[in-house]
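1. Need the 3D shape of this:
(one chain, ligands or ions: 3)
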Amino acid sequence: MSQAPAPITVPHHVAIIMDGNGRWAKQRGLPRLEGHRRGVETVRTTTFAARDLGVKMLTLYAFSVENWKRPQDEVGGLMSLLEYYLKKELETFIRDRVRLRTIGRTDELPPGVQKVLHTTIEATRHFDDYTLVLALNYGSRTEVVDAARAYAAAVAAGHENLNDGSWATFRRYLSTADLPDPDLVIRTSGETRVSNFLLLQAAYAEFAFTPVLWPDFTKADLAAAIADYHRRERRFGLTSEQLVKPAAQ
Ligand code: IPE
Ligand code: IPE
Ligand code: MG
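-> Residues are numbered from 1 along each chain as shown. Ligands and ions are numbered 1, 2, ... in the order given. Got it, this is the predicted structure:
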């Protein structure tokens, strides 16, 4: 009897550093903001592509704490786009049961963005099948400083015992406290750096780098990264022999 092929191992949580909008626009002689506009379209298609491929959680790095240093009109344009995108997607999120979450210092975002974020997060909080996490005004170092401060305050207030300090305890103070670590981190545009993204959470993630610029990123590119992930062996510090392999049927 012929055996069905083993199902492909799909990463539960995929995180993407969406990069290359500016270069995409420059190559076409267009303003950078046009690249960001096209990038938003890719956010939309990738959200549903990931879900179709069996991913349960998708984190998208949309705006870093360092990105405030960009020219003011670009920052303003990005914030307007974000607000427009969220307003437009609300109905789709509800229809398709997408839960929206955020990580990062969202309280420093413009009030209009905060408002629509709040509405969307509240309206989708009971969906438990698929989650989209937007990293907004996010940076790992800022996150760690915030977490350390909150942890120290908890110790001072007697809610935590410093002697019991462990990763399991400390991670509860990160903005990702109730999110699983990413299994696969993808960066587009050919850059092979992490740019202050999920430094602690990606401790054992697999990385995939693609030269494709974010506006050109397709479901096929995502599927290729997932297929590559499937071929890797995640050892978590163990030896190959120690890993429990499913018994051959
Ligand atoms: C990613 O594209 C979007 C954000 C960082 C907000 P970039 O704007 O960084 O595009 P490049 O790197 O200049 O091509
Ligand atoms: C990383 O991209 C941040 C986001 C994708 C939001 P950048 O384009 O800002 O990173 P660098 O400057 O190339 O490291
Ligand atoms: Mg960039």
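2. before we move on, which element is the residue of the chain at minimum distance from ligand 1 in?
-> Across the chain, the shortest distance to ligand 1 (CB to the nearest ligand atom) belongs to residue 22, at 2.5 Å. Where you see a C-beta, it was placed from the backbone N, CA and C, and this is true even at glycine. Taking DSSP states H and E as the definition, one finds residue 22 inside helix 21-27.
3. contact partners of that helix?
-> With contact meaning CB atoms under 8 Å, 6 or more residues apart in numbering, helix 21-27 is reached by 31-36, 38-39, 189, 213-216.
4. go on, stretch 103-118?
-> Contacts of stretch 103-118 (CB under 8 Å, 6+ apart): 59, 63, 65, 79, 82-83, 86-87, 90, 100, 102, 133-139, 142-143, 146, 175-176, 179.
5. switch the cut-off to 6 Å
-> For stretch 103-118, the external contacting residues (CB atoms under 6 Å, 6 or more residues apart in numbering) are 79, 82-83, 86-87, 135-138, 175-176.
6. Count the neighbours of residue 5 for me.
-> By the criterion of other CB atoms under 10 Å, residue 5 has 6 neighbours.
7. wait, I meant residue 222
-> By other CB under 10 Å, 24 other residues sit near residue 222.
8. pLDDT of the longest helix seen in the chain, averaged?
-> Counting by DSSP state H, the longest helix found in the chain is helix 72-95. Computed over helix 72-95, the mean pLDDT rounds to 98.
9. Follow the chain on from it and name the next helix or strand.
-> In N-to-C order, the element after helix 72-95 by DSSP H and E is strand 98-103.
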